[in-house]
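>>> Sequence first, then the predicted structure, then my questions.
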Amino acid sequence: MNSELKGKTAVVTGGSSGLGAAVVRTLVDRGARVGVIARNPARLKASLAGLGDAVIGLHADIGDPRQVADAFAEFGSTFGPLNFLVNNAGAGLYYPVDRLPDDEISAEVAVNFVGHILCVRSAIPLMRRAGGGVIVNVSSESSQQPVHGLALYGACKAALEAFSLAINQELRADRIKSTVLRLGRMKDAGFSKGWPTDMRAEAVERWQQGGRFASDGEPMDLDFVAKTLVGLLTVPPAAQMRVVDLREFDAGV
Ligand SMILES: NC(=O)c1ccc[n+]([C@@H]2O[C@H](COP(=O)([O-])OP(=O)(O)OC[C@H]3O[C@@H](n4cnc5c(N)ncnc54)[C@H](OP(=O)(O)O)[C@@H]3O)[C@@H](O)[C@H]2O)c1
């Protein structure tokens, strides 16, 4: 444990699993206080076990404007001004576009794009109270290169990247910076873990045929991704990291 982030506060969306949970642990290890947003209350509670008073669980669906506003209001009344927002929640299923169900379209747009806008909007007044802030928007390689069956997911991430770049201009006077962290595949993250067996099998077969795994290299280790992300929150005041495309050095690509 070190105390480089003592006195700093953060909100991490999707902080109950995968990369988000690793980021929450890294922030707390360095002395920050963190509000963790997720929907499933039992999983949220379990993920915060052992982290003590440094964390609060903020039960919310980021696609719901009312729930997001309430979560940030609760954060503000507990921890006060906000220094960092990590827009990490994200989800997608493997569906070629001709088979995309209506409810999956609205759910993916909500969690991968609209929800991040709602979180940024609610974070701004709390960051102004802190005299500025840093936002990291977690994106995916699929924003730049087509991935079969993830066209909608990749398009949402591309839209998130455009949003992240554009708000830098709007928020400069408030000393609020926005960074895209674009990632390849990660080990031990939840993204495709819950997919039905037949969906996963179809995706793997298609991606093997298309050479996706060979061109990507090995999935990245969550711990170094989380540490890199937290490093982006603490760049010098004069530095602006607009887009970071992160891969593992030894992945062989
Ligand atoms: N995994 C990969 O290989 C990979 C590669 C590139 C980019 N990414 C991106 O990295 C980020 C983290 O991925 P991951 O695999 O670590 O995720 P994960 O393990 O599947 O966890 C997703 C988190 O988001 C929460 N969440 C999902 N929908 C939500 C909603 N509507 N409102 C609030 N919270 C919600 C989940 O909790 P609840 O379900 O309880 O809400 C959970 O805490 C995502 O943005 C993903 O797109 C992942």
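Alright, I've got the coordinates.
>>> can we go C-alpha only for contacts and neighbour counts from here?
Noted.
>>> Let me know whether Pro41 touches Ile56 as I believe.
No - the pair formed by Pro41 and Ile56 falls short of the contact definition of CA atoms under 8 Å, at 11.9 Å.
>>> Show me which of the two is the more surrounded one.
Ile56 (21 against 15; other CA atoms under 10 Å).
>>> Doesn't that one belong to a strand?
Yes - under DSSP: H, G, I helix; E, B strand; the rest coil, Ile56 sits within a strand.
>>> roughly how far apart are the closest residue in space to it that isn't next to it in sequence and the ligand?
For Ile56, ignoring the flanking residues on the chain, the nearest one in space by CA to CA, 6 or more residues apart in numbering is Gly35 at 4.9 Å. As for Gly35, its distance to the ligand is 12 Å (criterion: CA to the nearest ligand atom, to the nearest Å).
>>> okay, the strand or helix carrying Gly35 in CSV with CA atoms only?
Taking DSSP states H and E as the definition, Gly35 sits inside strand 33-38. Listed next in CSV are the C-alpha coordinates belonging to strand 33-38 (Å, rounded to 0.1, in the frame of the first residue of the first chain):
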residue,chain,number,x,y,z
ARG,A,33,-11.8,6.7,-1.7
VAL,A,34,-14.0,5.1,-4.3
GLY,A,35,-17.7,4.9,-5.2
VAL,A,36,-18.4,1.7,-7.1
ILE,A,37,-21.4,1.5,-9.5
ALA,A,38,-23.0,-1.8,-10.6
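>>> Do me a favour and average the pLDDT over that strand.
pLDDT averaged over strand 33-38 equals 98, rounded to a whole number.
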